[in-house]
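Participant: Sequence below, structure please.
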Amino acid sequence: MGRYLRLVSASDAGSASPESNPNGLLCPACGEWIETVGDPARILCGACGVHLTLNVAARKVRDQLRALDAAWLVRRKPYLVRNRHGEWEEPDTSPVGFILPLIPGTLFTMVGAALGRPSLMVTGALILVVGIGWSARRWNGLERFRREQLQYKAERSRLLMDLGRAQRSFAEGSAIDRPS
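Facilitator: Below is the predicted model of the structure:
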């Protein structure tokens, strides 16, 4: 059976690849570097005479996937939060993060009521109001993040299905035609 083509960037190919054309490829038959211009569907290897058929449809879908992933990295930035180590990460979905700010306010209010101290009750009520507001704001941000993430995942799944279809239809044909 034919061997698969391997696209090689200038950094991967070392001396075999000219720095001027990172979109070239190595011939799977002889290993010679083939210069490409644009996005050709068929290429002839000058060294061994092998005709190579490239999967242009799959390359286009892969480019769309790369663009989608890059756009997602930009779209998700406003939703990222700092963890305790100061690193940025996706928001936490655990309910503890929403309930935790309410505990000190509840304790202050209960202790103030038990001791008959209105200042502790007012402090506890303020902490509760701020905690509820903070939790509500965080929940809304988390919901927006989840919606954005679901859209991204749905689009990515669709593109992966398109890529699979393009690769299956290409696999039915021959990638390498040896000269007779």
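Participant: average pLDDT across the one helix or strand Gly131 maps to?
Facilitator: For Gly131, the enclosing helix or strand under DSSP states H and E is helix 118-171. Mean pLDDT, computed over helix 118-171, is 86.
Participant: how's this protein carved up into domains?
Facilitator: By the assignment in automatic domain parsing, the chain contains the domains 1-54, 56-172.
Participant: follow-up on the earlier one: which secondary structure elements does the helix holding Gly131 sit against?
Facilitator: The contact analysis (3 or more Cβ pairs under 8 Å, 6 or more residues apart in numbering; DSSP states H and E) places helix 118-171 against helix 56-75, helix 96-99, helix 102-115. C-beta: built from backbone N, CA, C; applies to glycine.
Participant: Which one, of the ones you listed, ends up nearest to Ala136?
Facilitator: Closest approach to Ala136 among these (Cβ to Cβ): helix 96-99, 8.7 Å.
Participant: what's the closest one packed up against?
Facilitator: Secondary-structure packing of helix 96-99 (3+ Cβ pairs under 8 Å, 6+ apart): helix 118-171.
Participant: Now render the domains of the chain as CSV, adding mean neighbour count.
Facilitator: Formatted as CSV, the domains of the chain follow (neighbours: other Cβ atoms under 10 Å):
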stretch, mean neighbour count
domain 1-54, 14
domain 56-172, 13
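Participant: quick revisit: from the middle of its chain, how far away would the helix holding Gly131 be?
Facilitator: 15 Å (Cα atoms, centre = their mean, to the nearest Å).
Participant: quick check, Ala47 in a helix?
Facilitator: No - counting by DSSP: H, G, I helix; E, B strand; the rest coil, Ala47 is located in no helix; its state is coil.
Participant: what sits against it?
Facilitator: Under the criterion of Cβ atoms under 8 Å, 6 or more residues apart in numbering, the contact list for Ala47 reads 27, 30, 32.
Participant: will you turn these into CSV that also has distance to Met121 and secondary structure?
Facilitator: Output for these, formatted as CSV (distance: Cβ to Cβ, whole Å; DSSP: H, G, I helix; E, B strand; the rest coil):
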residue, distance to Met121, secondary structure
Cys27, 80, coil
Cys30, 84, coil
Glu32, 82, coil
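Participant: Could you find the residue nearest the spatial middle of the chain?
Facilitator: Centroid check for the chain by Cα atoms, centre = their mean gives Asp69 as the closest residue, at 4.2 Å.
Participant: What pLDDT does the model give that one?
Facilitator: According to the prediction, Asp69 has pLDDT 92.
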